[in-house]
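Visitor: 3D, please:
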Amino acid sequence: MEITYIIIVGIVAYIFGAINKIFVDDVPNKFIPIQNVGIGLVSGIICYFTKIEPNLLQAIVLCFMATMGAGGISDLIKIFKKEGN
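Guide: Prediction:
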């Protein structure tokens, strides 16, 4: 079941990213965490209504943590590339 969360979060993040690229030219980095919260919320609701997780709060928290973790890893990669390591 855990891999299903990742797939749903990935699909929702891809959709949010595609919408972002089409309608918004450049999003400042300070708004990326807000976008991640939206991705986690939408993913959690999808997981709840598709009966992957029977508890709505747990579904939202799991998806929220997954998106924040992915955002943190992305930031770490950018920092290492910027420093030249």
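Visitor: I'd assumed Cys63 was in contact with Ile8.
Guide: Yes - using C-beta atoms under 8 Å, Ile8 is in contact with Cys63, at 7.3 Å. All C-beta atoms are positioned from the backbone trio N, CA, C, and that covers glycine.
Visitor: list residues touching both of these two?
Guide: Contact criterion C-beta atoms under 8 Å, 6 or more residues apart in numbering; residues shared by Ile8 and Cys63: Ser43, Cys47.
Visitor: who's more crowded, these two?
Guide: The neighbour comparison of Ile8 against Cys63 (other C-beta atoms under 10 Å) goes to Cys63, with 26 against 21.
Visitor: just give the closest residue to Asn20, not the sequence neighbours.
Guide: Counting by C-beta to C-beta, 6 or more residues apart in numbering, Val27 is the residue found nearest to Asn20 once chain neighbours are left out, at 6.1 Å.
Visitor: and that neighbour, how far is that from Thr50?
Guide: In this view, Val27 and Thr50 are 29 Å apart by C-beta to C-beta, to the nearest Å.
Visitor: after the helix or strand containing Lys21, next one along is what?
Guide: Following DSSP states H and E, the helix or strand that holds Lys21 is helix 2-23. Where DSSP H and E defines the elements, the next helix or strand beyond helix 2-23 is helix 32-49.
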